[in-house]
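1. A predicted structure for the sequence below; I have some questions about it.
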Amino acid sequence: MPLEFARTPEMTRDEIARRLRNPAVADDIRRDYLRIVTGPQPYRHAHYDAEQFFQFDAPAGVVRNIYGQRMLRVTGNFLRALAKSLADHATARTDHLFYQLGRNWGAASMKEFTPRIEQEFEIDFTKMGMGVMLESWWWQMRAAGWGNWHYDFRHARKGLVFVDLHDSAVVAALGQVGTTACYLYSGLFAAAFSHLAHRDLACIELQCAARGDSHCKFLVATPQRVDAAAGQRNEGARAEQIIERLTATSAA
C-alpha cells in the first residue's frame, strides 16, 4: 500500500520524466487525441514485473514504486492486524472505518494519477478513453498485489457500474469469515469512480470470496441505490437477484 501520495503535479511530472520518458520520442505536448507512433513509444506504460515496478534502496531501508512513491511492502499479517486493531477499538464501526480508509486511499490515488497519465500518454485527461484510463490506473494495483479486476459498464446508462475482483488481498489475509469483508476495496472503487464521474458515488460489495463466493463483486452507484442494494443483501438476496431488481427498477 503506498504511503506517500502528497505529491504535486510538478513532482509527478519530474518523476515520470526521470524514470519513464523516452527522450528520443516524447515531446511533452498534451493533445486532444492520443498520439500514435511507430517504433519506440514515448513512455513505458506497464511494469507488471515486480523487479521493474519496485525500486529498492537497501541502505536507506526504502522501497519506491516506478513513479517514485514510497511503498510499504507487507504480508497479509498487516491487514489481519489492522482488522483486529479496529475491531478491538471500534467494533461497531470497523466496516465503516475500512470503507473510509479505502475512500481516502482512492481519492489520493486519483489525485496523483491524473497528471501522471496525462504525461505518460501526452493527452488531456478528459480526452482519454475510459478503458485505457482505468486499466492504466489498475495495473499498478495489480503489480502491488491488490488482485485482478474486470469492470462492467453494460448498465452504466442506468447509473450502475459493476466490478468483479479476483484474488482480493483482504480475502487472502482474513480467509473465510462467512460474510462480505472487502470494505477497503468498496471505498477505493467509490472514490475512483466518483473522481471520474465528477459526482458523489458509493460502492457496496454484493458478493465476496470471504463468504465462499467464486469472486468478489461490487456495485458502484448513487448512495441511494447502494443503500437499497445493501438492504437487499442484508436480507439474504444474492448478487444476481439484486442486479436483476436494480436494472429492472432503472428500466422502469
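-> Nice, I can see it.
2. This protein: strands as residue ranges?
-> With DSSP state E as the criterion, the chain has strands at 54-57, 62-65, 70-71, 148-152, 161-166, 202-207, 216-221.
3. could I get the ones you listed as JSON lines with mean neighbour count, distance to residue 33 and mean pLDDT?
-> C-beta here means a position set from N, CA and C on the backbone, and glycine is covered the same way. Formatted as JSON lines, the strands of the chain follow (neighbours: other CB atoms under 10 Å; distance: least, CB to CB, whole Å; pLDDT from 0 to 100):
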{"stretch": "strand 54-57", "mean neighbour count": "14", "distance to residue 33": "32", "mean pLDDT": "87"}
{"stretch": "strand 62-65", "mean neighbour count": "16", "distance to residue 33": "29", "mean pLDDT": "89"}
{"stretch": "strand 70-71", "mean neighbour count": "16", "distance to residue 33": "34", "mean pLDDT": "88"}
{"stretch": "strand 148-152", "mean neighbour count": "16", "distance to residue 33": "24", "mean pLDDT": "96"}
{"stretch": "strand 161-166", "mean neighbour count": "20", "distance to residue 33": "26", "mean pLDDT": "98"}
{"stretch": "strand 202-207", "mean neighbour count": "25", "distance to residue 33": "32", "mean pLDDT": "98"}
{"stretch": "strand 216-221", "mean neighbour count": "26", "distance to residue 33": "28", "mean pLDDT": "98"}
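4. how close does the residue lying closest to residue 173 once chain neighbours are set aside get to residue 61?
-> In space, and not counting its chain neighbours, residue 173 is closest to residue 76: 3.4 Å by CB to CB, 6 or more residues apart in numbering. Distance, residue 76 to residue 61, by CB to CB, to the nearest Å: 22 Å.
5. So which of these two has more stuff around it?
-> In this view residue 76 and residue 61 are compared by other CB atoms under 10 Å, and residue 76 has more residues nearby, 15 against 7.
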